[in-house]
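In: Build me a model from this:
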Amino acid sequence: MTTPYGTPAATRPLEVADQGCFFVGGDYDPETDTMTGHAYVQYQLPAHPTYPYPLVLIHGGGQTGAGFLSTPAGRPGWATIFLAAGFAVYALDLPGRGRAQGHPDPREPGHPRTARDVAARVRPRHAAPLWPQAVHHTRWPGDGVPGDRVYDQFYASQVSGCGDLAQLELDARAAGAALLDRIGPAVLLAHSLGAPAGWQIADARPDLTHAVVAVEPSGPPVRDVRLVGAPTWFEDGATTRPWGITSAPLTYDPPAGSATELQFVRHRAPGPGLAACWRQAEPARALPNLKRIPILIVTAEASYHAPYDHGTSDYLEQAGVHHDFVRLADRGIHGNGHMMMLEQNNGEVADLLLRWITDH
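Out: Numbering: from 1, shown residues only. As a prediction, the model looks like this:
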């Protein structure tokens, strides 16, 4: 018998052998005598583990690890679903976020996006769509506007943005490496802005990264896509990932001493409703550490990532990183947006991820 939030939590009782929290990473600033760069980790260990490797859950922009613990509508979150399926789970608050905020950091001038700006991404059908797939969004619970109980719960979870993406990645790389050194090999499950942190951690500790599940990874490569609505839909945005899929350095072969050594070309859109993205000029450098790791990229049907996540997949493939790229609609999972872990069928999406992880 299944439940609205998926099979794993419905078929096994939630039995916890141990739970707690700790911090990893971080350095003292000798000028201010304060610590920055540390991550908060909340963990739960199942009483009856079914898989030898834990899941490390890495949240996206504007969020904390709380987004994996529950949903705004009160259903179990992915951390609970995975735990009930027998996986140890470690949910991070990235450096400078939530319970890892530390002391005031001048690199973090951002503030949370306004309620209506966030709503336009979470429930885009309310407005004139800025990307063609937005009209298919049906899975957000409630009205998705300020004043709706579920949306208000979600917006209350928003935290300030990041003023320095490269520094955030470097801090996450160091903290994530320290976490894997402590807990051993793990599967990294990273969402949105957390995915570049996942690429960095995997690059730093390829032997301790059993797999990477990138849920709508921050992208596309090199330059953002500006979503401008019909009829053109897309424009090239700013260069925010000068290292291809990250803002901070990654390991390339042949080595690149700086991002200026990487050469990129614009690649045509592969079909209608999809954006043209950027990739390396040939001959392309490889990503030797990532190519050793099983990787899954997952994209929802109606998300603003739907027009351009193929660009991240193409970039990895060109760099020798063979992986799986799954559009949920191709697997019969329809109507989801970017925050699929919080939507009505979050358990159905979790089932797909769990099947891939166990298969690999």
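In: Can you list the residue ranges for helices in the stretch 101-250 of the chain?
Out: 115-122, 149-156, 165-183, 194-204 (DSSP state H, counting those that start in this stretch).
In: Also the stretch 251-360 of the chain?
Out: Under DSSP H, counting those that start in this stretch, the stretch 251-360 of the chain gives helices at 309-318, 346-359.
In: What residues of the last one count as buried?
Out: Neighbour-count burial for helix 346-359 flags Asn346, Gly347, Glu348, Val349, Ala350, Asp351, Leu352, Leu353, Leu354, Trp356, Ile357 (criterion: 16 or more other C-beta atoms under 10 Å). Where C-beta positions appear, they are placed from N, C-alpha and C, glycine not excepted.
In: Isn't Thr239 up against Arg223?
Out: Yes: contact criterion C-beta atoms under 8 Å: Thr239 and Arg223 qualify, at 5.1 Å.
In: Out of the helices of the stretch 251-360 of the chain, which is closest to Leu189?
Out: helix 346-359 (7.1 Å; C-beta to C-beta).
In: dump the residue contacts of the closest residue to Tyr304 other than its chain neighbours.
Out: In space, and not counting its chain neighbours, Tyr304 is closest to Trp131: 5.3 Å by C-beta to C-beta, 6 or more residues apart in numbering. By C-beta atoms under 8 Å, 6 or more residues apart in numbering, Trp131 lies in contact with Pro124, Leu227, Gly229, Trp233, Phe234, Tyr304, Ala306, Pro307.
In: rerun that using 6 Å as the cut-off
Out: By C-beta atoms under 6 Å, 6 or more residues apart in numbering, the residues touching Trp131 are Leu227, Tyr304, Pro307.
In: Check those against Phe154 and report the nearest one.
Out: Tyr304 (16.4 Å).
In: Quick one: neighbours of Ala202, just the number.
Out: 28 (other C-beta atoms under 10 Å).
In: circling back to that earlier point, hey, which of the helices of the stretch 101-250 of the chain is tucked in deepest?
Out: helix 194-204 (a mean of 27; mean count of other C-beta atoms under 10 Å).
In: average pLDDT for that one?
Out: For helix 194-204, mean pLDDT rounds to 97.
In: And for stretch 119-134?
Out: 77.
In: tell me how far the ends of it are from each other?
Out: One end of stretch 119-134 sits 13 Å from the other (C-alpha to C-alpha, to the nearest Å).
In: Over to stretch 314-324?
Out: 11 Å.
In: So the nearest residue to Gln133 once chain neighbours are set aside versus Gln344, what's the distance?
Out: The shortest distance from Gln133 to any non-neighbouring residue, by C-beta to C-beta, 6+ apart, is to Ala306 (4.2 Å). The gap separating Ala306 from Gln344 is 18 Å, by C-beta to C-beta, to the nearest Å.
In: neighbour count winner among those two?
Out: Per other C-beta under 10 Å, whichever of Ala306 and Gln344 has more neighbours is Ala306, with 26 against 19.
In: Correct me if wrong: that one contacts Ala134.
Out: No: taking contacts as C-beta atoms under 6 Å, Ala306 lies outside contact range of Ala134: 8.6 Å.
In: Give me the below-cutoff pLDDT ranges for the stretch 51-200 of the chain.
Out: For the stretch 51-200 of the chain, the stretches flagged by pLDDT under 70 are 102-112, 123-127, 161-162.
In: quick one: the strands in it?
Out: 55-58, 89-93, 186-191 (DSSP state E, counting those that start in this stretch).
In: Nearest to Gln318, out of those?
Out: strand 186-191 (20.9 Å).
In: quick one: that closest one to helix 194-204, angle?
Out: Interaxial angle, strand 186-191 versus helix 194-204 (axes from the mean of the first three to the mean of the last three C-alpha atoms, to 10 degrees): 150 degrees.
In: Buried ones in strand 186-191, by neighbour count?
Out: Ala186, Val187, Leu188, Leu189, Ala190, His191.
In: between that strand and helix 346-359, how big is the angle?
Out: 150 degrees.
In: other SSEs contacting the strand or helix carrying Tyr40?
Out: Tyr40 belongs to strand 34-46 when assigned by DSSP states H and E. When contacts are defined as 3 or more C-beta pairs under 6 Å, 6 or more residues apart in numbering; DSSP states H and E, strand 34-46 packs onto strand 16-29, strand 89-93.
In: Least confident of those strands, on average?
Out: The bottom spot among the helices and strands packed on strand 34-46, by mean pLDDT, belongs to strand 16-29, with a mean of 94.
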